[in-house]
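Asker: My questions concern the predicted model and sequence given below.
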Protein chains: 2
Amino acid sequence: MSVRDFALILAGGGGTRLWPASRRRRPKQLLTLGSDESLLVAAFRRAAGIFGVSNTLVVTAADQTQAVASALPSLPPDNLISEPLPRNTAAAVGLGVALVARRAGNDAVLAVMPSDAHIGDETRFAQIVRTALDQARTTIVTIGIKPTHPETGFGYLRVGPAVAPGVFEVAAFVEKPSLDKARQYLASGDHHWNSGMFFFTAGRLLAEARTHMPALGEALDAIVAAADPTATIAALYPGVPAISIDYGIMEKASGIRVVPGDFRWNDVGSWAALTAIRPVDADGNFIAGDAVVRDSHRSVVIGEPGAPFVGVVGVADLVVVATKDAILVVPRDKAQDVRAVVEALKDAKRSDLL
Amino acid sequence: MSVRDFALILAGGGGTRLWPASRRRRPKQLLTLGSDESLLVAAFRRAAGIFGVSNTLVVTAADQTQAVASALPSLPPDNLISEPLPRNTAAAVGLGVALVARRAGNDAVLAVMPSDAHIGDETRFAQIVRTALDQARTTIVTIGIKPTHPETGFGYLRVGPAVAPGVFEVAAFVEKPSLDKARQYLASGDHHWNSGMFFFTAGRLLAEARTHMPALGEALDAIVAAADPTATIAALYPGVPAISIDYGIMEKASGIRVVPGDFRWNDVGSWAALTAIRPVDADGNFIAGDAVVRDSHRSVVIGEPGAPFVGVVGVADLVVVATKDAILVVPRDKAQDVRAVVEALKDAKRSDLL
């Protein structure tokens, strides 16, 4: 990679789909999920392997900065970017871009990478990233994921004509679909999931921001030019619009290309996903931590560090997750319904468990 | 009741069917099982209500004596009998009988009551006990429970001709049956479950022991006559045979009568029993402790004091029990399979959890 290629890892997300492991102060990307490496640590390891540690940056929320720093001891302090407050992904990406532009100029290439997805084939991932980076010197590039099911929780990309080996035009960005639409997309073969990974030069992104989100573009230009960028960020960041980069910029930009990625990507959208990304036993169970599971099938049983011992007998397709202060039991096919428990805890003002 | 009528509560049992709440040092009778009163406390309360506190005795194992004393602060210390070591129910009952005989003579009547069953209708229970006590002045009396299902885990009583209103001869004691036999007993209508409750005079039981278990009878006579009964018990108890009172005495004695008991007796043989003995919600769930249960049916969810919060969504016919150091998840119809977890813990020498 060029010394002017940078990875920008987005690590500011929240979410409750992996409660009770995920909490306000311990979001999904900080979880190990029965492995010995968090999703964030894996994302950093993958990025640093391609871009080098000194060219890998992480942007995160103010209240997660300490946790991210602890999780990534080899991340240079200057490469940890803290948002003064949450302003969604267009602003978070813009902030990283402005700081890279200060450091390496407008021709620097950035690879924006979410921190909360699992990637099964890291060798293939590195190949795809290199293909995308080559394209990013001339336009904006994204990575598309071939759908495996009619997912309604993701945005999609409609893939257009090929422009180079393994590289296609993006015909359109498509918002999260209904189930019917998602089924059509799956059948069509020309719709890919939007992975949230984007590649572009700093100058291109700043130009797109000026065009499509002028308030953001102005703030970013000021940060690039600032004598004291920290003070400028603190002054201007609260005023930028809180819009996703997909909606605020990518859907409006032209000439975007997509590199289809076949590296076993999984967004770990619920506990049910773990049997797809972790090694399962002969009965299809994924078991981690201090647990005994007998006469059970296709289940996920996790005892996090500090949790009570977990004994499970005679179940099928069940999720059991124990932490030191909370336990979840839910069928795999209803794993998203964890939100019912989270809502009940919110109603009861049990902030200790959220 | 006569001042020479005594209750003798047996509280020395063990068992693992209610793990993780039940442990070696915290047997079933000491558990509250989602109520605010343990089975032992309820048994003591019922007995004391009939016999008076000063005429209610409890016999327990040496290593449970402290726990029983703590659970029953109003039990007079002289009424707490500690077995030097476990010798099964014939010896435990005999020990209580010998001490009652010392205190009140051979004509004293004893009501032997296990401490680990739940009784739903306590008013009816007291009526039945009074009927049994009246009979016990002249013979041995037991209480039979009309079967509700073909249970293979209990002994049965075959009921003979009536001898008084609500009182019948026992035609035979019947050992734990096969499932086929249990179904026949259920269909026959003349087989009742053996509740383990027995009523007799001290003199009668001592005489039966001399006849059918002479080694025990000799030891009991020595305890009755001893100048220092504590020393005599310590010297002789280890040598008495470890046999159940059913097998050692009751099956061999003659003239035994049975009072059928219809007071919603339940031996709480597993967690699945709780929906029968506790008030359930509109969906048939029994929920206790710090727990949220949503979209679930016919399930038992218990968070014991000190356990993590429990969140359950979308399950049916499931048992979830959490204590501060262990969690059990098992379908209701497999609740007996908790032993598979207990065996795994034994194999792993996890004595902290047993």
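Answerer: Great, that's in hand. Residues are numbered from 1 along each chain as shown, chains lettered A, B, ... in the order given.

Asker: List the buried residues in stretch A:121-136.
Answerer: A:F125, A:A126, A:Q127, A:I128, A:V129, A:T131, A:A132, A:L133, A:Q135, A:A136 (16 or more other CB atoms under 10 Å in any protein chain shown). Heads up, the C-betas are built off the backbone N, CA and C, glycines and all.

Asker: Pick out whichever of those sits closest to B:L85.
Answerer: A:F125 (65.6 Å; CB to CB).

Asker: what kind of secondary structure is the closest one in?
Answerer: helix (DSSP: H, G, I helix; E, B strand; the rest coil).

Asker: What residues sit buried inside stretch A:57-77?
Answerer: A:L57, A:V58, A:V59, A:T60, A:A61, A:Q64, A:T65, A:A67, A:V68, A:A71, A:L72, A:L75.

Asker: List just the nearest of those residues to chain B.
Answerer: Comparing those against chain B with CB to the nearest CB picks out A:A67 as the nearest, at 21.6 Å.

Asker: The closest one contacts A:Q29, doesn't it?
Answerer: No. Counting by CB atoms under 8 Å, A:A67 stays clear of A:Q29, with 9.7 Å between them.

Asker: my guess is A:N106 is in a helix, correct?
Answerer: No. Applying three-state DSSP, one finds A:N106 to be coil, outside a helix.

Asker: For it, give its distance to chain B.
Answerer: 50 Å (CB to the nearest CB, to the nearest Å).

Asker: nearest spatial neighbour of that residue, skipping sequence neighbours?
Answerer: Residue nearest to A:N106 in three dimensions, not counting chain neighbours: A:G203, with 3.1 Å by CB to CB, 6 or more residues apart in numbering or on different chains.

Asker: For chain A, what lies in contact range of chain B?
Answerer: A:19-20, A:292, A:294-295, A:307-315, A:318, A:320, A:322-331, A:334, A:337-338, A:340-341, A:344-345, A:350, A:353 (CB under 8 Å from any CB of the partner chain).

Asker: Quick one, which of those residues are buried?
Answerer: A:19-20, A:292, A:294, A:307-315, A:318, A:320, A:322-323, A:326-331, A:334, A:337-338, A:340-341, A:345, A:353.

Asker: now, which of those lie within helices?
Answerer: Using DSSP state H, the subset of those located in helices is A:V338, A:A340, A:V341, A:L345.

Asker: Make JSON lines from the residues you listed and add pLDDT and distance to B:L274 to it.
Answerer: Below are those laid out as JSON lines (pLDDT from 0 to 100; distance: CB to CB, whole Å):
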{"residue": "A:V338", "pLDDT": "96", "distance to B:L274": "25"}
{"residue": "A:A340", "pLDDT": "96", "distance to B:L274": "23"}
{"residue": "A:V341", "pLDDT": "97", "distance to B:L274": "22"}
{"residue": "A:L345", "pLDDT": "97", "distance to B:L274": "25"}
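
Asker: Nearest to B:A172 among those residues?
Answerer: Nearest to B:A172 among these, with distances taken as CB to CB, is A:V341, at 53.5 Å.

Asker: my guess is the closest one meets B:V292, correct?
Answerer: Yes. Counting by CB under 8 Å, B:V292 is a contact partner of A:V341 at 5.3 Å.

Asker: which ones are touching the closest residue to A:V329 other than its chain neighbours?
Answerer: Sequence neighbours aside, B:V312 is the residue nearest to A:V329 in space, at 4.7 Å (criterion: CB to CB, 6+ apart). By CB atoms under 8 Å, 6 or more residues apart in numbering or on different chains, the contact list for B:V312 reads A:328-330, A:341, B:291-294, B:296, B:299, B:301, B:318, B:320.

Asker: ok, so of those, who is nearest A:D262?
Answerer: Among the contacts of B:V312, and counting by CB to CB, the member closest to A:D262 is A:V330, at 30.9 Å.

Asker: Could you give the bridge partners of that closest one?
Answerer: Going by DSSP bridges, A:V330 is paired in beta bridges with A:V319.

Asker: So it sits against A:V319, correct?
Answerer: Yes. Counting by CB under 8 Å, A:V319 is a contact partner of A:V330 at 5.1 Å.

Asker: Quick check: neighbours shared by these two?
Answerer: Both A:V330 and A:V319 are contacted by A:W271, under the criterion CB under 8 Å, 6+ apart.

Asker: Need the mean per-residue confidence for stretch A:292-306.
Answerer: Average pLDDT, stretch A:292-306: 97.

Asker: how long is it end to end?
Answerer: 16 Å (CA to CA, to the nearest Å).

Asker: Reformat the ones in helices among the buried ones among the residues of chain A next to chain B as TSV; add distance to B:T275.
Answerer: Shown next, in TSV, are these (distance: CB to CB, whole Å):
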residue	distance to B:T275
A:V338	25
A:A340	22
A:V341	22
A:L345	25
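
Asker: quick one on the thing from earlier: anything in contact with each of A:V341 and B:V292?
Answerer: Contact criterion CB under 8 Å, 6+ apart; residues shared by A:V341 and B:V292: B:G311, B:V312.

Asker: buried ones in stretch A:93-103?
Answerer: A:V93, A:G94, A:L95, A:G96, A:V97, A:A98, A:L99, A:V100, A:A101.

Asker: quick one: that stretch to chain centroid distance?
Answerer: 19 Å (CA atoms, centre = their mean, to the nearest Å).

Asker: Mind listing residues that contact it?
Answerer: Against stretch A:93-103 from outside (CB under 8 Å, 6+ apart): A:6, A:8, A:10, A:57, A:59, A:81, A:83, A:108, A:110, A:112, A:198, A:202-203, A:205-206, A:209, A:216, A:219-221, A:223-224, A:229, A:233, A:237, A:240, A:245.

Asker: of those, buried ones?
Answerer: Buried, going by 16+ other CB under 10 Å: A:6, A:8, A:10, A:57, A:59, A:81, A:83, A:108, A:110, A:112, A:198, A:202, A:205-206, A:209, A:216, A:219-220, A:223-224, A:229, A:233, A:237, A:240, A:245, out of the contacts of stretch A:93-103.

Asker: hang on, the earlier thing: out of the contacts of B:V312, which is nearest to A:R183?
Answerer: Comparing the contacts of B:V312 against A:R183 with CB to CB places A:V330 closest, at 25.2 Å.
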